[in-house]
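In: kindly generate the corresponding structure for this input.
(one chain, ligands or ions: 1)
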Amino acid sequence: MKVAFYSAKEYDQELFGTHSDEFNFLFLKNHLREETAALAHGYDAVCVFVNDELNRVVLEALHKGGVRIVVLRCAGFNNVDIEAADALGIEVARVPAYSPNAVAEHAVAMLLTLNRKTHRAYNRVREGNFELNGLLGFDLVGKTVGVFGTGKIGLIFARIMKGFGCEVIVYDPYPSEEAKLYRLVDKETLFAESDVVSLHCPLMKETQHLYNAETLAKSKKGFTLINTGRGALVDAKAAIEALKSGQLGYLAMDVYEEEKDYFFNDQSSGIIQDDVLMRLMTFPNVLITGHQGFFTREALEGILDTTLENLRAFSDGKELVNKVS
Ligand code: NAI
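Out: You can find the predicted model right below:
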């Protein structure tokens, strides 16, 4: 089976390359876009990641070239026009879970870093500066932590925060039995009561700009917002205004609405044109990482295993258990 593998990094090539006897992979550094869809001509499958764009035009081009299945190396599928894929008869399969611990633990790492300012302390100490001014943090114990979305990742994050002695409140329109062990609240209560909020819900119409000028204003003054979900859950321009006024005390972003042009690439020699991203990078109380929440050894192995299973199931005509529809 021939698989065009888009957005390939060295670590992908190393991992997936060990299965080249089973699948004929074409590793492409390019993202999948209208301009690059033709590279998959004559291939049975495309293997894609979070910042590949599979809109109707791209899917039509893939279909024309013979592609019959899209395998996502991620859980989120907001970058695929599922209706268009269905209409064209292209199957879409994803990796529903691959170490949710990786993302939950990264959210905790970002929270601890922002709060105790270890990123700033590290740089100071390297220059022989042991001054504490500007490094004041807060105890997490007793703080109210709001969790939006209590699926696999949100529940692990909630459990860890409970271990810190926080009061955990959660919002989820479809709460599982485990989620019900926490105080389930409505959105308004979560906005109003949380000292720290972590976003673990999918990006959909209802959750787009969940944090905007209005909801930021309703939130607790000086609260901490952690976004490891998807960039567009937060209106970045509104967040900048809230940071300037002090309404938003700290912001951690592993994801950014316009990340596709920058994240996963070395931009250090170029000029970043995105003024919103540049402004965010200037705040001492904003921590940005380049979509690395998933990036642990265990998670990569999980992604590899499930992606191969998806390809095998399709190639053997078996049920596609991770099908997105
Ligand atoms: P999941 O599907 O297990 O859980 C999502 C939860 O959100 C479900 O419980 C669902 O009921 C809930 N939900 C649905 N609509 C909601 C709404 N309107 N408001 C609040 N909650 C809502 O997903 P999982 O694995 O926990 O992942 C969560 C998100 O994390 C993914 O959608 C993805 O965007 C993001 N992610 C980020 C990664 C990173 O590297 N930063 C890696 C993997 C996932």
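
In: and stretch 271-287, what's buried?
Out: Neighbour-count burial for stretch 271-287 flags Asp274, Leu277, Arg279, Leu280, Phe283, Asn285, Val286, Leu287 (criterion: 16 or more other CB atoms under 10 Å). For every residue, glycine as well, the C-beta is placed using N, CA and C.

In: what distance separates stretch 102-116 from the centre of its chain?
Out: Centroid separation for stretch 102-116 versus its chain: 14 Å, with CA atoms, centre = their mean, to the nearest Å.

In: for stretch 230-246, same thing?
Out: Here stretch 230-246 is found 17 Å from its chain centre; the criterion is CA atoms, centre = their mean.

In: start the count at 49, not 1, going forward
Out: With the count now opening at 49, the last piece we talked about shows up as stretch 278-294.

In: what does it contact?
Out: 124, 126, 196, 247, 249-251, 255-261, 264-265, 269-270, 273, 275, 296, 299, 301, 303-307, 324-325, 327-328, 331, 333-334 (CB atoms under 8 Å, 6 or more residues apart in numbering).

In: now the terminal residues of it, how far apart.
Out: End-to-end distance for stretch 278-294: 23 Å, by CA to CA, to the nearest Å.

In: tell me the buried residues in it?
Out: Those would be 278-288, 290-291, for stretch 278-294 by 16+ other CB under 10 Å.

In: just stretch 357-373 next, same as before
Out: Across stretch 357-373, burial judged by 16+ other CB under 10 Å covers Glu357, Asn358, Leu359, Ala361, Phe362, Leu368, Asn370, Val372.

In: show me the contacts for Thr355.
Out: Shown in contact with Thr355 (CB under 8 Å, 6+ apart): Phe64, Cys95, Val119, Arg121, Val143.

In: could you measure from Val73 over to Leu63?
Out: Let me fix one detail, which is that residue 73 is Phe and not Val. From Phe73 across to Leu63, the span is 11 Å (CB to CB, to the nearest Å).

In: of the two, which one has the most company?
Out: It is Phe73, of Phe73 and Leu63, that has more neighbours when counted by other CB atoms under 10 Å, with 22 against 15.

In: so which strand or helix has the more buried one?
Out: strand 72-75 (DSSP states H and E).

In: gap between that strand and the chain center?
Out: Here the centre of strand 72-75 is set off from its chain's centre by 25 Å, with CA atoms, centre = their mean.

In: all helices for the stretch 49-198 of the chain, in order.
Out: Using DSSP state H, counting those that start in this stretch, the helices found in the stretch 49-198 of the chain span residues 58-65, 104-112, 130-136, 148-164, 166-174.
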